[in-house]
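K.L.:
I'll drop the sequence and a predicted model, then ask my questions.
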Amino acid sequence: MMPEPIITTHNLNFSFGRFQALKNINLEVHRNSIFGFLGPNGAGKTTMIKAILGLLKTSRHSIKIFSRELSHHKLSILSRVGAMVESPSLYPALSGFENVEIIRILRGLPRNESQRVLQTVSLSGDARRPVSQYSTGMKQRLALAIALLDKPELLVLDEPMNGLDPSGIIEIREFLLHLNRQFGITIFLSSHILSEIEKLATHIGIIDKGNLKFQGTFDELQMDVMGNRRVFFRTDDDDLASERLKITGKIIEKQNHGFYFFAADQNDIAEAIRIMVNSQLQVFEAAPESNDLEDLFINIIKTGD
């Protein structure tokens with residue numbers, strides 16, 4: 001059963017003057033997911049994030065978070081949301097601890113919250129150092145610590161890996177996975193680093209020129225873009241397996257050791273395996289052919305041109 005949506009938008013539109021940045025966006029982000037929001041520069045990613053955070057005035061009934069209308073319950077909703085939009089706003093002359101403390105005091109949170117979030121992002125040992133001495137990765141983690149004040153259920157991040165070196169990117173990726181798996185925090189993030197989204201996200205949304213071109217899992221994106229997906233099978237009798245699978249009406253492409261089966265969706269793959277097992281065949285290998293996210297992303301974007 002699919003988890004309940006934590007963010008939903010209904011025909012969401014937004015314009016800057018005559019320029020329409022978002023066009024009838026119907027988005028669903030499910031609880032406990034990591035939703036990677038992708039698009040070229042100027043596609044509408046940051047505008048979408050600002051709309052979700054109530055930073056832009058949108059029409060009523062167009063955004064629901066935690067199943068409640070954002071326009072009617074903004075304060076109570078946003079108290080359960082942590083966010084980092086664009087570059088972190090930090091005071092370089094102050095220590096990491098002091099930066100967190102300012103926000104903690106403004107929000108009226110308990111004293112131990114600052115220490116807790118700094119420990120969560122592994123900055124306790126550097127908490128008293130001036131932020132001017134922090135690496136870019138440490139600054140990103142400090143901004144995440146501030147976003148984690150008050151234990152949010154939803155974390156909204158705009159380009160959290162921007163400007164990081166490879167080790168910093170890995171560090172932030174592992175940290176976000178930890179937050180999602182250990183604490184069940186739903187994460188909605190935009191990024192232009194497609195290889196990282198592929199390793200991180202459970203679900204993907206692709207926006208281009210204000211239009212939502214796709215939303216779903218990576219497997220669903222594969223099927224959506226490629227149509228039939230090749231699955232490599234190797235059994236103890238490939239000729240017999242190929243013969244049995246002819247009843248599906250799918251294309252079968254024989255190889256020296258194994259064969260390719262062209263599946264329209266995951267149900268076709270499951271049906272093929274069921275037929276072979278019922279035919280007393282031993283299935284040694286079942287490997288869906290995969291395209292990387294960059295190829296699929298470019299294909300989706302080109303489709304709209």
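P.N.:
Done, it's in. Predicted model only: the values in this text are computed from it and were never measured.

K.L.:
Can you verify my assumption that residue 78 contacts residue 55?
P.N.:
No - the pair residue 78 / residue 55 is not scored as a contact, 10.0 Å apart, by CB atoms under 8 Å. C-betas here are computed from N, CA, C, even on glycine.

K.L.:
The two - which one has more neighbours?
P.N.:
The residue with more neighbours, out of residue 78 and residue 55, is residue 78; 18 against 13, by other CB atoms under 10 Å.

K.L.:
wait, what's in contact with the more buried one?
P.N.:
Applying CB atoms under 8 Å, 6 or more residues apart in numbering to residue 78 gives the contacts 53, 54.

K.L.:
what packs against the least confident helix or strand in the chain by mean pLDDT?
P.N.:
Each helix and strand of the chain was given a mean pLDDT (mean pLDDT, DSSP states H and E); the minimum falls on helix 218-226 at a mean of 74. Where contact means 3 or more CB pairs under 8 Å, 6 or more residues apart in numbering; DSSP states H and E, helix 218-226 is packed against strand 211-216, helix 293-303.

K.L.:
Now stretch 154-169: buried residues?
P.N.:
154, 155, 156, 157, 158, 159, 160, 161, 162, 164, 168, 169 (16 or more other CB atoms under 10 Å).

K.L.:
re earlier: hey, what's the angle from the least confident helix or strand of the chain to strand 211-216? Just curious.
P.N.:
Angle of helix 218-226 versus strand 211-216, following axes from the mean of the first three to the mean of the last three CA atoms, to 10 degrees, is 130 degrees.

K.L.:
quick check, distance from helix 218-226 to the centre of its chain.
P.N.:
Relative to the centre of its chain, helix 218-226 is centred 15 Å away, using CA atoms, centre = their mean, to the nearest Å.

K.L.:
next structured bit after that helix?
P.N.:
strand 229-235 (DSSP states H and E).

K.L.:
Report all helices and strands that that next one contacts.
P.N.:
strand 258-263, helix 266-278, strand 283-288.

K.L.:
neighbouring contacts of the helix or strand following it?
P.N.:
Scanning forward in sequence from strand 229-235 by DSSP H and E, the next helix or strand is helix 238-244. Around helix 238-244, the neighbours that count as contacts under CB under 8 Å, 6+ apart are 233, 235, 252, 254, 257, 258, 259, 275, 276, 279, 281.

K.L.:
Would you write a PyMOL line that selects the buried entries of those residues?
P.N.:
Buried residues among these (16+ other CB under 10 Å), as a PyMOL selection:
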select buried, resi 233+235+252+258+259+275+276+281
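
K.L.:
how about the contacts of helix 238-244 in JSON lines, adding pLDDT and distance to residue 219?
P.N.:
Below are the contacts of helix 238-244 laid out as JSON lines (pLDDT from 0 to 100; distance: CB to CB, whole Å):
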{"residue": "233", "pLDDT": "95", "distance to residue 219": "17"}
{"residue": "235", "pLDDT": "96", "distance to residue 219": "23"}
{"residue": "252", "pLDDT": "91", "distance to residue 219": "21"}
{"residue": "254", "pLDDT": "91", "distance to residue 219": "25"}
{"residue": "257", "pLDDT": "90", "distance to residue 219": "25"}
{"residue": "258", "pLDDT": "94", "distance to residue 219": "21"}
{"residue": "259", "pLDDT": "94", "distance to residue 219": "21"}
{"residue": "275", "pLDDT": "96", "distance to residue 219": "21"}
{"residue": "276", "pLDDT": "96", "distance to residue 219": "21"}
{"residue": "279", "pLDDT": "95", "distance to residue 219": "26"}
{"residue": "281", "pLDDT": "95", "distance to residue 219": "25"}
